[in-house]
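**Student:** Let's see this in three dimensions:
(one chain, ligands or ions: 1)
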Amino acid sequence: MVEYDESEFLVETEVPEDELIISRTDLSGKITYANETFCDISGYHEDELLGKSHNIVRHPDMPSAAFKDLWETIKAKKQWIGIVKNLRKDKGFYWVEAIVSGVYKKGELVEYKSLRTPISYETKLKYQRLYDKMRAQDGEKIRKVIYE
Ligand SMILES: Cc1cc2nc3c(=O)[nH]c(=O)nc-3n(C[C@H](O)[C@H](O)[C@H](O)COP(=O)(O)O)c2cc1C
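**Tutor:** Residues are numbered from 1 along each chain as shown. Sure thing, here's the model as predicted:
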């Protein structure tokens, strides 16, 4: 269990428009690859990510239902596209649109991959509100984030 100083959460890292944040996982969700942009934006060194569960970047503002949907979708061999707020190593955050899907070798599912791109300010606001509501409905921990 990690404890956070709530004020640390308010530092946002902007995801650059011209770069992709890429990672791959094994079938259980452990990171097998992270590109340089992933490391830069999340604040981790590659060595700290490889072999770890991808939930290392899970932000507590994310409702569990979003990840349940993600796993059900990719296990059904479909592509999942969603808006994700991720946690940096320094407890700051960054928002992305993520496309998660299978990696196939000779027709066999061997890994999962994710490509992430930036989203607009309006989309961040919309999803912060939606995820706050989803966590409240599911009885999960709620925090309020104020954008100025
Ligand atoms: C390829 C791939 C990429 C993922 N990327 C993220 C991510 O960027 N952030 C995140 O919180 N979870 C991501 N997940 C989902 C995590 O595996 C995990 O389900 C989620 O963080 C919730 O944690 P929990 O399952 O331990 O509750 C990804 C999963 C896969 C398969």
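**Student:** This protein: helices as residue ranges?
**Tutor:** Counting by DSSP state H, the chain forms helices over residues 36-42, 46-49, 64-75, 121-137, given from the N-terminal end onward.
**Student:** ranking those by burial, who's on top?
**Tutor:** Comparing the helices of the chain on average neighbours per residue, with mean count of other C-beta atoms under 10 Å, the densest one is helix 36-42 at a mean of 18. Where you see a C-beta, it was placed from the backbone N, CA and C, and this is true even at glycine.
**Student:** contacting residues around that one?
**Tutor:** Among residues not part of helix 36-42, those counted as contacts by C-beta atoms under 8 Å, 6 or more residues apart in numbering are 13, 15-16, 19-23, 34, 45-46, 49, 57, 86, 88-89, 94.
**Student:** Could you list the residues of this protein in contact with the ligand?
**Tutor:** By C-beta under 6 Å from any ligand atom, the part of the chain that sits against the ligand consists of 23, 25, 29, 54-55, 57-58, 62, 64, 67, 70, 84, 86, 98, 100, 112-114.
**Student:** what do you get if the cut-off is 8 Å, keeping everything else the same?
**Tutor:** Contact residues (C-beta under 8 Å from any ligand atom) of the chain with the ligand: 21, 23-25, 29, 53-59, 62, 64, 67, 70-71, 74, 84, 86-87, 96, 98, 100, 111-114, 116.
**Student:** And the buried ones among the residues you listed, selectable in ChimeraX?
**Tutor:** Buried subset of those, written as a ChimeraX selection, criterion 16 or more other C-beta atoms under 10 Å:
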select :21,23,24,25,54,57,59,62,67,70,74,84,86,87,96,98,100,112,113,114,116
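**Student:** for this structure, what spans make up the strands?
**Tutor:** Counting by DSSP state E, the chain has strands at residues 21-25, 31-34, 80-87, 93-105, 108-117.
**Student:** Would you mind confirming that P60 makes contact with Y131?
**Tutor:** No. In terms of C-beta atoms under 8 Å, P60 does not count as a neighbour of Y131; the distance is 10.3 Å.
**Student:** Flag the shaky bits of this protein, pLDDT-wise.
**Tutor:** By pLDDT under 70, the low-scoring segments of the chain are 1-9, 142-148.
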